[in-house]
Structure formats: C-alpha cells, structure tokens
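Student: sequence first, then the predicted structure:
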Amino acid sequence: MLAQYLLDPDQKAWGLDRIGDAWGLAGDTSTAEGLADLVYRVSYPIDAALEESHLTSTLNEMEIPFAAVLADMEMAGIRTDTAYLRTFGAKLGIRIAELERQAYELVGTHDYSLQSPKQLGTLLFDVLGLAPTKKTKTGLSTDVESLEAIQKEHPAIPLILELRQLTKIKGTYTDSLVRYVTPDGKIHPTFLQTGTSTGRISCIDPNLQNIPARTEVGREIRQAFIPSHDGWVLVSADYSQIDLRMLAHLSADANLCNAFAQGEDIHLHTASQVFDVPESAVTPEMRKRAKTINFGIIYGISPYGLSRQLGIGGEEARQYIERYMERFPGIRNYRDRVVEAAQRDGYVKTILGHLRRVPHINSRNNMERQEAIRQGFNAVVQGSSADVIKMAMISLSKDLQPLKARMVLQVHDEIVVDTPPDELERVRGMMQRSMESAIHLSIPLVTHLSCGSNLRDLE
DNA sequence: GCAGTCACG
DNA sequence: ACGTACGTGACTGCA
C-alpha cells in the first residue's frame, strides 16, 4: 500500500521531489529504488532539524500515532441517509423556486441573475438605486452583512437573503453530499494532517467539518448523519472553551485562571470585569459583547476589528480592550512575550512545540506586521488546543481498540463516536477521561457529552 | 484560476 | 482617509 502510494506519479512522488528540493537534495523519483534512496537521504537533515527544534518526541509520540488514528477514522466513515438528503434537497428546490419567483416579481425584471454577485450588485445598486455599504476588491459587496444593512430599503432583499441561504445548503449539503456516499452507505472523507498553518486538521472530499449547525434549516442536514447500524448511537463530546482555557494556562493570568478554576460562566465573568458591574447586574447584551471580546482576544484583537464586529466606534472598542487588559494583565503580558519571542525567532511554538513561522513579524509595513502578530498569537492558542485534542484522540483510540465503537468525526474541539448501545456507557467514560486528561493543564479541561440517533438530535 | 460568498470551529 | 478580527473547504460566476 505504501509503495503504491509512493509510486503514484501524480501524487506522492511529485511531493517527494518537492521535499528533496526543499532540503537541497535531488534524486530519480521515477523508480522505487530512486524513491527509497531519496527518502533515506532526506531523512538525515529532517531528523537533525527535528532534534534542533526538540520535536522528535512530538513527531514520534503524537503525529505518527495520530496519522493512524486519522486513517482509522477515514476507514470507519459515517453512515449517511441518502434518501433523506434527496428528499430534503427536493423540498429546498421547491422553496427556492418560489423565492426566486417572488423576488423577481418584486424587483420587476428578469434581466439579472440573483445568483451572480456581480449582476445582483448591478441590480441593487444601479437599477434599483439602493445605497451600498461595503466594497470588495473589484466592486460593491452583496454579502450577508451588506444585504442585511439595506434589507428595510427594498422588500426583495429578505427574499434574496433566504434564497442565498437555501441555495448554499442545497448545493453544498444535499445534492453534492449524496455523490460521496460509497456502496457501504457511508461517507469516507479525507482528513489532512498538514492542512493548516496552526496544527489543526482539515477535511476534504467532502468537508464534514463544516456541516451546518447555526441555523434551524441548516441543522436539518445533520439528521442525515446516523449510526452505522440500527440501534447504535452517535456520541459527541466537545471541549468547553478550550481556546480560552488554553490561554489561561499558557498566560497563567490569575484572574482568568481563577474564573476557570471556579467553574465560572466565562463570558459572564468577562462582562462583569470589563463593564465593571457585579455578575448579577450583567445584561444579556453585556454578556454578548463580552463573548465577542473573548473571541477577539483569541484572534489577536485590534480596536478596529472589535469595533467592526460590535458595530461601535473605534474609541469605545479601544476602551473595552484597555479595560480587559487592565483586568487580565497576565494576558497582555503573555501576548507581549509571545510577540517578542516571535520577533527574535521568526516563529511561535505551541504547547507541544509545534512551530508556526511568522516571517512578516518584523515588517516595516504596519498592517503586514500587525497581521503577523495576530496570526502568531492565535496560532499558539489554536495550535495548542489542537495538540490537546490530538493527544485525546490517540488515547481514546487505544481505549476503543477492544470495542466495536469507532471515532467517525473530529471538528476541532469535538469528537464524534459511533457505538453499539451496550458499549455506550463505557464509551462515554472513555471520551470524557481521554479528553479531559489529554494534557495536564493548570486549570481543568471540561467536556460536554451528548448522544442520539443522528447528528442533529443529540442530548 | 481567481474572486466572492458562506458553511464550520 | 483608510483598514484586519483567527483557521479552514466547497460552490458559483466569470474572465
């Protein structure tokens, strides 16, 4: 199997040429002997580089075993109800046709495609004379944010928004997904272990890491993902706030660590701190803003970005960030230390030592440098969380070995297992244990478990 | 093949 | 005056 993989002239051999080039080595990759020789010679400088970065054990104890875990997961696959997807797709088709009819009637012309952003822009901003709110590189934007801003200005806009949403769901998740179902009734996606710059995995053909979850109509797609056998169960376990907990651990900020140690509602806590009121006085709006601030912190916050996200002024956003950093001084200090190290080394490191290079960290171009700072800081947090869930999956994989239950999906902070009912309680215990004790942090890692007969109805 | 859009964490 | 929240992949229209 490996030899076949290596000899496929359109895939891995080409990749090995590139690896050889990258390490200053050349070879004849058209034969098995040449490939083996190149693999052998390239192993020396790679091993040396790993040693120098103290990544030999991370490779051997995490990434190599993890590759096998991903392979198991791909081979297991997830059973998919194609009849349901077809029926749902047909229903969406009817609704889409009706929305199209109504929208064209309201705009009074059939001369512009509502599907084409360019033509829709011409229709809305030139023909109908609506005021644009946002630009793209090449013209006027018609994305959700832009359309929502002007939806009170013309009765067709809400219909176009729904049309957009439904065509997206139908196009990506009903008709197209069915084509991936193999004769065993399952979808077997490919997980890319080196698909991201932060250490997360990605998923292709199809991407099952972006199945709709945020809207009711979207969640109906999740009903199509079911256990592999009648009576079996899908169990999902997801980390609660893993990125913020990781940041608390890495920074050792006393305030944030205490909040997690005491099991606080973290967005409520942040709201209370930033808006300087007792937790009992935090309004839903304040909590929502605090949630946005917490996300912003993970992303390497900027006043401009936060102001855009919250729809507030730049000065107000600046004050929020200032107040946050006053209340969580360990976060500011940690961010400064990460940036300083990155400016010295040209890379940042995750909790297990994975590197992310940030070549523009010392750029004289302000925007380019700020971008590198955000990317570097975020990569430490996101990448360290990725390290945690990878270790959890390796551990869980060993636990599941003697059982029939199998991992079928990983979605960054979530693992889904397909299990027979008589293994359910053991599997739940294994998932919780392996995830919560994957890597020991100074604060607890917390998971939420749920199970059900499809990916939507989990409780 | 790129740009725009939108699905996810 | 202007501008960027982090990380992905799939689909569509259009050069």
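Tutor: Okay, I see it.

Student: my read: A:D253 touches A:R327, true?
Tutor: No: assessed by C-beta atoms under 8 Å, A:D253 is found out of contact with A:R327, at 9.4 Å. (Glycine included, C-beta is placed from N, CA and C.)

Student: which ones are touching A:I242?
Tutor: A:I242 sits next to A:385, A:388-389, A:413, A:445 when contact means C-beta atoms under 8 Å, 6 or more residues apart in numbering.

Student: go on, A:W232?
Tutor: Contacts of A:W232 by C-beta under 8 Å, 6+ apart are A:418-421.

Student: separate out the buried members of these.
Tutor: A:418-420 (16 or more other C-beta atoms under 10 Å).

Student: pick out whichever of these sits closest to DNA strand B.
Tutor: Of all those, A:D418 has the smallest distance to DNA strand B: 18.5 Å, by C-beta to the nearest atom of the strand.

Student: so which elements touch the helix or strand hosting the closest one?
Tutor: Taking DSSP states H and E as the criterion, A:D418 maps to strand A:414-419. When contacts are defined as 3 or more C-beta pairs under 8 Å, 6 or more residues apart in numbering; DSSP states H and E, strand A:414-419 packs onto strand A:78-80, strand A:233-239, helix A:366-400, strand A:406-410, helix A:424-436.

Student: can you do 6 Å?
Tutor: strand A:233-239, strand A:406-410 (3 or more C-beta pairs under 6 Å, 6 or more residues apart in numbering; DSSP states H and E).

Student: what does that strand rub up against?
Tutor: Here strand A:414-419 makes contact (C-beta atoms under 6 Å, 6 or more residues apart in numbering) with A:227-228, A:233-238, A:405-409, A:427.

Student: now check it, is it near DNA strand C?
Tutor: No: figure legend: strand A:414-419 not in contact with DNA strand C (C-beta under 7 Å from any atom of the strand); closest approach 12.1 Å.

Student: now that strand against strand A:233-239, angle please.
Tutor: With axes from the mean of the first three to the mean of the last three C-alpha atoms, to 10 degrees applied, the angle from strand A:414-419 to strand A:233-239 works out at 160 degrees.

Student: that older thread, of the buried ones among the contacts of A:W232, closest to DNA strand C?
Tutor: A:D418 (21.6 Å).

Student: partners of the closest one in the sheet?
Tutor: Counting by DSSP bridges, A:D418 forms beta bridges with A:L234, A:R406.

Student: tell me the pLDDT of it.
Tutor: We have a pLDDT of 98 for A:D418.

Student: same deal with A:D10?
Tutor: 42.

Student: so which bits of the stretch 351-459 of chain A are right by DNA strand B?
Tutor: A:382, A:411-414.

Student: also the stretch 201-350 of chain A?
Tutor: A:209-215, A:218.

Student: which parts of the stretch 51-200 of chain A are strands?
Tutor: A:78-80, A:186-187, A:190-192 (DSSP state E, counting those that start in this stretch).

Student: tabulate these (CSV), appending distance to A:A71, mean pLDDT and mean neighbour count.
Tutor: What follows is the strands of the stretch 51-200 of chain A, written out as CSV (distance: least, C-beta to C-beta, whole Å; pLDDT from 0 to 100; neighbours: other C-beta atoms under 10 Å):
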stretch, distance to A:A71, mean pLDDT, mean neighbour count
strand A:78-80, 15, 98, 22
strand A:186-187, 15, 98, 20
strand A:190-192, 9, 97, 15
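
Student: out of these, which is closest to DNA strand C?
Tutor: strand A:190-192 (5.2 Å).

Student: partners of the very next helix or strand once past the closest one, with directions?
Tutor: As assigned by DSSP H and E, the chain's next helix or strand after strand A:190-192 is strand A:202-204. Paired neighbours of strand A:202-204 in the sheet (DSSP bridges): strand A:190-192 (antiparallel).

Student: distance from the strand it pairs with to the middle of the chain?
Tutor: Distance of strand A:190-192 from its chain centroid, counting by C-alpha atoms, centre = their mean, to the nearest Å, is 14 Å.

Student: again, but for stretch A:187-195
Tutor: 13 Å.

Student: can I get the CA coordinates of that stretch in PDB?
Tutor: Provided in PDB are the C-alpha atoms of stretch A:187-195 (Å, rounded to 0.1, in the frame of the first residue of the first chain):
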ATOM      1  CA  ILE A 187     -19.100   8.900   3.500                       C
ATOM      2  CA  HIS A 188     -15.400   8.400   4.000                       C
ATOM      3  CA  PRO A 189     -13.800  11.900   3.900                       C
ATOM      4  CA  THR A 190     -10.100  12.600   3.800                       C
ATOM      5  CA  PHE A 191      -8.600  14.300   6.900                       C
ATOM      6  CA  LEU A 192      -5.500  16.400   6.100                       C
ATOM      7  CA  GLN A 193      -3.000  16.200   8.900                       C
ATOM      8  CA  THR A 194      -0.900  19.100   7.500                       C
ATOM      9  CA  GLY A 195      -3.800  21.100   6.100                       C
END
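
Student: show me the contact partners of it.
Tutor: With contact meaning C-beta under 6 Å, 6+ apart, stretch A:187-195 is reached by A:67, A:70, A:74, A:77-78, A:80, A:180-181, A:201-206, A:208.

Student: which of the residues you listed are close to DNA strand C?
Tutor: Counting by C-beta under 7 Å from any atom of the strand, A:202-206 from the contacts of stretch A:187-195 sit close to DNA strand C.

Student: tabulate those residues (TSV), appending distance to A:P359 and neighbour count.
Tutor: As requested, these are exported to TSV (distance: C-beta to C-beta, whole Å; neighbours: other C-beta atoms under 10 Å):
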residue	distance to A:P359	neighbour count
A:S202	22	15
A:C203	28	19
A:I204	27	12
A:D205	31	10
A:P206	33	18
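
Student: hang on, the earlier thing: please pick the buried ones from the residues of the stretch 351-459 of chain A next to DNA strand B.
Tutor: Counted by 16+ other C-beta under 10 Å, those give A:382, A:411-414 as buried.

Student: what sits against the residue nearest to the spatial centre of chain A?
Tutor: By C-alpha atoms, centre = their mean, chain A has its centre lying nearest to A:H412, at 5.7 Å. The contact partners of A:H412, taken as C-beta under 6 Å, 6+ apart, are A:R200.

Student: TSV please, covering the contacts of A:I242 and showing pLDDT.
Tutor: Output for the contacts of A:I242, formatted as TSV (pLDDT from 0 to 100):
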residue	pLDDT
A:S385	98
A:V388	98
A:I389	98
A:D413	98
A:L445	98
